[in-house]
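Enquirer: can't give you the sequence, but here's the structure:
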Ligand SMILES: [Zn+2]
């Protein structure tokens, strides 16, 4: 009994278990302030863990190769979503650039506006660019998977989540045929979106 207590005390003070949340993610992460986001007016919380991850492309704006181009893309999407569509913020939870840099949109804790009835049960990830014909760069795909895993590790995305494209929730070409073909081969891909 005593040895068990000693073990627990030692374990609590040293590192007996990997603390995944403290590890650096394998991508560069840019917060809203990094891309100079306007303050959001829609702050609806997301109830977590969510059972779905929804993948999008932008179609427009075009793919961004440099950090500055990606910042410009984020700002233009937010402007369009707020000023033309009156969504109160950029609609996506996260967006990803060509080099695999991740940009915070609504983030982990706020409900996105990106896929109609799926908004309240999903994290929406947008791969910036038009992926109907062209395939996204490998770095972008690697970052997408790592971001999803980060969401699972944080308890935001359910460990048995289902992965779907926007086109499985609504009538749209998003996320583009080339990207859809890729995600349809990933773990957790589901043939159908259905809200329980
Ligand atoms: Zn979409």
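Expert: Arrived safely. These numbers come from a predicted model, not from an experiment.
Enquirer: Count the neighbours of residue 84 for me.
Expert: Using other Cβ atoms under 10 Å, residue 84 is surrounded by 8 other residues. The C-beta positions use only the backbone N, C-alpha and C, and glycine is treated the same way.
Enquirer: For the residue nearest in space to the middle of the chain, give me phi and psi.
Expert: Against the mean C-alpha coordinate of the chain, by Cα atoms, centre = their mean, the closest residue is residue 125 at 3.6 Å. The phi/psi pair for residue 125 (degrees, to the nearest 10) reads phi -120, psi 130.
Enquirer: What residues are bridge-paired with it?
Expert: residue 55, residue 94 (DSSP bridges).
Enquirer: And it, how far from residue 41?
Expert: Distance, residue 125 to residue 41, by Cβ to Cβ, to the nearest Å: 23 Å.
Enquirer: do residue 76 as well
Expert: Here residue 76 is placed at a distance of 18 Å from residue 41 (Cβ to Cβ).
Enquirer: Those two: which has the busier surroundings?
Expert: Counting neighbours by other Cβ under 10 Å for residue 76 and for residue 41 shows that residue 76 has the greater number, 14 against 10.
Enquirer: In three-state terms, label residue 24 for me.
Expert: Assigned with DSSP: H, G, I helix; E, B strand; the rest coil, residue 24 falls in the coil class.
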